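Chemist: I'd like to go over a predicted model; first the sequence, then the structure.
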Amino acid sequence: MSFFRRLLRLAQMRWRTSLRLRMVAASGILSALALGLIGGLLSYTIQSNLYDSRRDEILAETTAVSRNVQTLFDGALDVQGSIDVEQANAAAQTTVRSTTNSPGLAGFAILRVPGQATEQLMASSSSIDFPVEIISTELRTAIQGDRTSVHYQPVEMPDGQPGIAAGTNVNVPTAGRYDLVLVYDLSDVQNNLWFVQGVLALGGGLFVLITTFIVWTVTTRSIRPIVTTAQTAERFAEGNLDERIEVEGEDIAATLATSFNKMAESIHSQITRLATLSTLQQQFVSDVSHELRTPLTTIKLAGSMLFDQRDTFDPDTARAAELLKVQIDKFELTLAELLELSRFDAGAAELERDSIAPVTLVSSSIDAVQSLAESKGSELRLHAPGGHTEFELDPRRIRRILQNLLSNAIDHGEGKPIDVWVDSSSTAVSIAVRDYGVGMSEQDAARVFDRFWRADPSRQRQTGGTGLGLAIAQEDSRLHGGWIDVWSVPGEGACFRVTVPKDGATNVVSPVALPPEVPRED
């Protein structure tokens with residue numbers, strides 16, 4: 001049974017993916033339906049013509065036979081006005097046999113019409129081995145109702161072959177009226193019809209096969225440019241930007257190939273230009289960041305000296321020294337994050353893995369921001385159903401991710417509790433940070449990882465920040481082969497979930513829901 005299911009799935013996949021197969025199958029089915037309709041009409045017409053022709057021949061012959069038999073009976077009267085019924089009956093049977101010339105006469109019968117009072121009685125008779133029972137009462141009633149016409153009725157012969165019973169009424173002087181019925185076997189007509197139908201079926205089948213082969217050949221040649229274009233486009237999409245289609249001829253396929261080549265050339269040029277610009281941008285950011293570090297060091301040293309001596313200044317100067325220290329620290333952080341992003345862009349970032357329990361990293365990160373949370377009035381609550389076994393992680397990068405997520409949650413949590421979840425499975429470990437603050441719209445959540453992007457004013461930071469933290473966190477998670485998800489509803493808060501798969505794990509499902517369900521307090 002499984003073999004047939006696999007075969008069915010293979011056929012379904014082949015049907016969905018093969019344009020040529022669908023075109024050929026459609027043409028074959030339509031050709032077969034058209035030929036079936038035409039063949040059926042031809043077969044019906046031929047059958048009707050054969051049957052009508054044979055029926056007319058039988059009716060004409062029956063008319064001639066009845067006329068001769070009637071003439072025989074009329075001439076059988078002697079001078080006394082009587083008739084030798086036995087001799088007349090035998091003579092009538094001889095006349096029937098000698099008058100019928102068409103093939104297929106199966107037998108005949110001369111049957112007395114019941115309910116007559118006559119001077120003489122001629123017994124009913126029939127040909128040898130003739131099954132009189134196939135002559136129906138309906139046919140005899142029709143004959144007796146219209147004595148001047150020949151009536152007929154389709155019958156089934158004892159061997160199952162079709163036949164026709166035809167008859168009329170004859171009058172025997174002094175003996176009364178009799179039904180003369182002739183029965184013909186139509187097996188020859190049936191055999192001719194079967195032969196014609198067989199020829200039609202064979203011819204139609206051959207026509208469908210030939211048509212299907214022609215359509216297959218034409219379709220193969222017709223869709224070859226499409227197949228070539230699809231294959232070239234697939235290779236182009238994989239990054240082989242030099243792929244082009246060879247142009248042949250001047251038909252629509254050549255136009256398609258030319259248009260594709262122009263499009264590919266345009267895309268190639270745009271990608272090359274953008275890649276060059278991106279490289280220049282990355283190089284510029286890296287160079288500027290490095291070049292600014294030297295003067296920043298001097299400025300920071302001078303700022304620190306001023307900050308340390310602020311108590312000797314007047315209030316305004318002391319306040320300026322404090323602001324200068326804050327801005328220099330923020331500037332230094334921005335440069336550090338720009339350098340980190342430039343390493344990601346250049347592909348130079350590397351993991352420094354170590355075996356450590358994720359819950360340990362989370363606990364230390366919570367401790368690091370505990371004072372900040374207390375200053376904002378937020379309680380940090382840890383839920384750790386998993387994550388107690390060791391994972392191969394880069395502790396520095398995971399801490400940086402957590403530091404950023406926790407700082408954001410504290411900053412936008414409006415002093416409400418902040419829940420942190422840690423859980424693990426056989427394939428991954430997840431950490432989620434949930435606040436119950438202002439939240440974000442769906443549009444803002446979609447852009448929250450963009451560099452230097454800020455949400456609406458209600459979510460602007462109060463504790464500083466560069467606008468690069470979440471972008472770096474996303475890159476750190478990707479470097480681990482993982483990702484960060486975000487859930488947020490305005491007025492209900494936000495939840496960021498980090499998922500890091502184990503090495504070699506596939507079909508990874510995060511062990512922490514988004515957002516997680518807050519455990520009930522007993």
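Modeler: That came through, no problem.

Chemist: residue ranges with poor pLDDT in the stretch 301-450 of the chain?
Modeler: Across the stretch 301-450 of the chain, residues meeting the criterion (pLDDT under 70) sit at 336-338, 341, 344, 346, 348.

Chemist: could you pull out the strands for it?
Modeler: Applying DSSP state E, counting those that start in this stretch to the stretch 301-450 of the chain gives strands spanning 354-356, 380-383, 391-393, 418-424, 428-435.

Chemist: Arrange those strands in TSV, one row each, with distance to Q80 as further columns.
Modeler: In short, each C-beta sits where N, CA and C put it, glycine included. Output for the strands of the stretch 301-450 of the chain, formatted as TSV (distance: least, CB to CB, whole Å):
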stretch	distance to Q80
strand 354-356	139
strand 380-383	133
strand 391-393	133
strand 418-424	128
strand 428-435	125
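
Chemist: what's the most buried one of these?
Modeler: Stretch with highest mean neighbour count among those: strand 428-435 (a mean of 26; mean count of other CB atoms under 10 Å).

Chemist: starting at the chain centroid, how far to stretch 366-385?
Modeler: When C-alpha coordinates are averaged (CA atoms, centre = their mean, to the nearest Å), stretch 366-385 and its chain have centres 51 Å apart.

Chemist: Show residues contacting it.
Modeler: 359, 362-363, 399, 403, 406-407, 409-411, 413, 415-423, 435, 463, 516, 519 (CB atoms under 8 Å, 6 or more residues apart in numbering).

Chemist: so of those, which ones are in helices?
Modeler: 359, 362-363, 399, 403, 406-407, 409-411 (DSSP state H).

Chemist: filter these to the buried ones?
Modeler: The neighbour-count criterion (16 or more other CB atoms under 10 Å) marks 359, 362, 399, 406-407, 409-411 among the ones in helices among the contacts of stretch 366-385 as buried.

Chemist: can you redo those residues as TSV with distance to I135?
Modeler: TSV is the format used below for these (distance: CB to CB, whole Å):
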residue	distance to I135
V359	103
V362	104
R399	108
L406	106
S407	109
A409	104
I410	109
D411	108
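
Chemist: Tell me which two of the residues you listed sit farthest apart.
Modeler: Pairwise distances across those (CB to CB) peak at 24.0 Å, for the pair V359 and D411.

Chemist: And the helices in the stretch 1-150 of the chain?
Modeler: All helices of the stretch 1-150 of the chain, identified by DSSP state H, counting those that start in this stretch, fall at 2-17, 19-74, 85-99, 137-145.

Chemist: Go through these and name the closest to I328.
Modeler: Of all these, helix 2-17 comes closest under CB to CB, at 62.3 Å.

Chemist: so where's the stretch 151-300 of the chain uncertain?
Modeler: Checking the stretch 151-300 of the chain against pLDDT under 70 turns up 278, 281-282, 284-293.

Chemist: And the strands in it, which stretches?
Modeler: Along the stretch 151-300 of the chain, counting by DSSP E, counting those that start in this stretch, strands occupy 151-156, 162-172, 176-185.

Chemist: Determine which of those approaches L193 most closely.
Modeler: With CB to CB as the measure, strand 162-172 is the member of the strands of the stretch 151-300 of the chain nearest L193 (9.9 Å).

Chemist: got the helices of the stretch 1-150 of the chain as a markdown table, with distance to P131, mean neighbour count and mean pLDDT columns?
Modeler: Converted to a markdown table, the helices of the stretch 1-150 of the chain look like this (distance: least, CB to CB, whole Å; neighbours: other CB atoms under 10 Å; pLDDT from 0 to 100):
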| stretch | distance to P131 | mean neighbour count | mean pLDDT |
| --- | --- | --- | --- |
| helix 2-17 | 52 | 10 | 76 |
| helix 19-74 | 18 | 15 | 85 |
| helix 85-99 | 17 | 16 | 86 |
| helix 137-145 | 14 | 15 | 88 |
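
Chemist: okay, these in TSV with distance to L335 next?
Modeler: Listed next are the helices of the stretch 1-150 of the chain as TSV, based on distance: least, CB to CB, whole Å:
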stretch	distance to L335
helix 2-17	53
helix 19-74	57
helix 85-99	125
helix 137-145	112
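
Chemist: Would you tell me which of the ones you listed gets closest to I210?
Modeler: When the helices of the stretch 1-150 of the chain are compared by CB to CB, helix 19-74 sits nearest I210, at 9.6 Å.

Chemist: What residues does L72 make contact with?
Modeler: Contacts for L72 (CB under 8 Å, 6+ apart) come out as 88, 91-92, 95.

Chemist: Sorry, wrong one. I was asking about D476.
Modeler: Shown in contact with D476 (CB under 8 Å, 6+ apart): 394, 397-398, 400-401.

Chemist: in what helix or strand does it lie?
Modeler: helix 469-479 (DSSP states H and E).

Chemist: Go through that helix and flag the buried ones.
Modeler: 469-477.

Chemist: just curious, which of the residues you listed is nearest to V132?
Modeler: The nearest member of the buried residues of helix 469-479 to V132, counting by CB to CB, is S477 at 99.6 Å.

Chemist: what separates the closest one from L296, distance-wise?
Modeler: As defined by CB to CB, to the nearest Å, S477 lies at a distance of 29 Å from L296.

Chemist: now V420
Modeler: Counting by CB to CB, the gap from V420 to L296 is 34 Å.

Chemist: hmm, back to that, now, among the contacts of D476, which is nearest to D485?
Modeler: I401 (12.9 Å).

Chemist: What sits closest to the closest one if chain neighbours are left out?
Modeler: Distance criterion CB to CB, 6 or more residues apart in numbering; nearest residue to I401, sequence neighbours excluded, is A473 at 4.4 Å.

Chemist: try S27
Modeler: Per CB to CB, 6+ apart, closest to S27 is V215, 4.4 Å.

Chemist: For the one you found, list the residues it contacts.
Modeler: V215 sits next to 23-24, 27-28 when contact means CB under 8 Å, 6+ apart.

Chemist: Farthest pair within those residues?
Modeler: M23 and G28 (9.6 Å).

Chemist: Please compute how far stretch 439-449 lies from its chain's middle.
Modeler: Worked out by CA atoms, centre = their mean, stretch 439-449 lies 34 Å from the chain centre.
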